[in-house]
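Asker: Coordinates for the following, if possible.
(one chain, ligands or ions: 1)
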Amino acid sequence: MKQLYTVPLKRSYDDNMSRCQVGPYNTERLLAFLNDLHQRLVPEQDQEGENMRTFVITWDNVAFHHSQAITTWFEVHPRLNVPDTNPAVPEPTSVQDLPNCEPTKESLYSLYELQGVLGRGSFGTVYRAIRKTDGRQFAIKRLCKWNNTRSIQIPGYSKPLPREVALMLMLRRPPVSPYVIQMYEWFDRRLVMSLVLEFPHPCMVLRKFISTSSALTERITRGLMRQLVLAVQHCIDHGVFHNDIHADNILVNTRTLGLKLIDFGAAHLVNSAGYDSWRYLGAVEFCPPEALSMPKYYAVPTNVWSLGVVLYFMVNRQLPFTYAMQTLEGSINSFKSTVSTECRDLIGQCLNRIPEKRPTFNQILRHQWIQSES
Ligand SMILES: Nc1ncnc2c1ncn2[C@@H]1O[C@H](COP(=O)(O)OP(=O)(O)OP(=O)(O)O)[C@@H](O)[C@H]1O
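Answerer: Residues are numbered from 1 along each chain as shown. Next up, the predicted model:
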């Protein structure tokens, strides 16, 4: 649910995103809360001549509990006015900084101070953290081990490692990509595993970036898309199939427009034999038709399909397929009239229902729309 409000700056919210949890409420109480929030955020007279700012309020993670109560997070962002420039290449991660593959022996809390929650997913919670020795900021992803017990053996390491850790270690091998989030160290305790991740800031996930920004031009979209294709290509070249590319697994630096791919929780080692469709764990809106209807799906065509969905989402601010049936039939929602013919062509190629006919990463990078300078 998303609504636009205008509030004077001096009131409840500062320039940073505010994030709070409400509930658990039953439906009636939640509606009353929303109504009250609406009253408080509805435009007021700007008597003192202060700037009025537009905010976007997003509601997510609405959870229905057995008691019928609802817990929801709400966020208030200042509306971003994104300058129409080419994105800068994100800061490269220094590989020397990264220690070996063993879990760190010390306790997490002796080395890091955990602060607010950056995000929650189905498998874990990600916290903003400060390293005590130098005050540097990181994102720490904490995962319950009963959910993430599968280990895999990767080349170069003598023993099996938890899957997400193992795949992130593979991505640490030089050359490191500036477009893929890096893991610095990890902690392994009896019930919980913690991954210390790079924290690009100020950043927000692509879905929120799209909903809070004033209209994104094709120049900005092209810059983001180029980075995303390079990120995904880098993963495949390093033997990692991301398998869950969607708008909540992409971070955008709101100052530089640098992009980083996150969340390797559903990733696999690249293989040419394909993956069982019944085990597909990625977001269904970004899922290719073969993973819904065929016994197997394959790494590169799946990634290319998801790239097509992300590009469509960026230029239209809505998803190309509302229902899985639409994905199967290939009936794409209509484009906004402002979307260029070249951009539509690239989306159409990526969303080809026949996996073998989709372009390769290099073909996408050479596409007329991606190459265009305007
Ligand atoms: N390195 C990071 N820096 C900043 N925020 C992050 C970082 N990693 C994750 N987040 C935030 O935390 C959220 C959840 O992270 P992530 O997707 O890795 O968790 P998950 O449990 O695997 O989620 P999913 O349900 O998508 O599988 C992200 O959507 C994002 O908002």
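Asker: what residues does the stretch 201-350 of the chain put near the ligand?
Answerer: When proximity is defined by CB under 6 Å from any ligand atom, the stretch 201-350 of the chain lies next to the ligand at 203, 205, 248, 249, 251, 262, 263, 265. (Glycine included, C-beta is placed from N, CA and C.)
Asker: which residues touch the last one?
Answerer: Residues touching residue 265, when contacts are defined by CB atoms under 8 Å, 6 or more residues apart in numbering, comprise 121, 123, 124, 143, 148, 164, 244.
Asker: what does the stretch 51-200 of the chain put close to the ligand?
Answerer: 118-124, 126, 139, 141, 181, 197-199.
Asker: change it to 5 Å
Answerer: 118, 119, 121, 122, 123, 124, 126, 139, 181, 197, 199 (CB under 5 Å from any ligand atom).
Asker: For the fifth one, give me phi and psi.
Answerer: Think residue 123. phi -110, psi -20 (degrees, to the nearest 10).
Asker: On the pLDDT front, check it for me.
Answerer: Looking at residue 123, its pLDDT is 77.
Asker: Over to the first one?
Answerer: pLDDT recorded at residue 118 is 89.
Asker: in what helix or strand does it lie?
Answerer: Secondary structure from DSSP states H and E places residue 118 in strand 112-120.
Asker: Relative to the whole chain's centre, how far out is the following helix or strand past that strand?
Answerer: Moving toward the C-terminus from strand 112-120, the next helix or strand (DSSP H and E) is strand 124-131. Put simply, strand 124-131 sits 16 Å off its chain's centre (CA atoms, centre = their mean, to the nearest Å).
Asker: Repeat that for stretch 251-263.
Answerer: Offset of stretch 251-263 from its chain centre (CA atoms, centre = their mean): 9 Å.
Asker: Identify the residues contacting it?
Answerer: For stretch 251-263, using CB under 8 Å, 6+ apart, the contacting residues are 80, 82, 85-91, 121, 178-181, 197-198, 200-206, 209, 220, 223-224, 227-228, 231-232, 235, 242, 244-245, 249-250.
Asker: mind redoing it with 6 Å?
Answerer: Stretch 251-263 has contacts (CB atoms under 6 Å, 6 or more residues apart in numbering) with 87-88, 90, 179-181, 200, 202-203, 206, 209, 224, 227-228, 231, 249.
Asker: For that stretch, measure first residue to last.
Answerer: Distance across stretch 251-263, first residue to last, is 10 Å (CA to CA, to the nearest Å).
Asker: per-residue confidence at residue 156?
Answerer: 77.
Asker: now residue 172
Answerer: 89.
Asker: Any stretches of this structure with poor pLDDT?
Answerer: Low-confidence segments of the chain, defined by pLDDT under 70: 1-81, 83, 89, 91-100, 147-149, 374.
Asker: repeat that with 50
Answerer: Residues of the chain that meet the criterion pLDDT under 50 lie in 1-19, 42-56, 59-69.
Asker: got the contact list for the spatially most central residue of it?
Answerer: Nearest to the mean C-alpha position of the chain, by CA atoms, centre = their mean, lies residue 249 at 1.9 Å. For residue 249, the residues meeting the contact criterion (CB under 6 Å, 6+ apart) are 262, 263.
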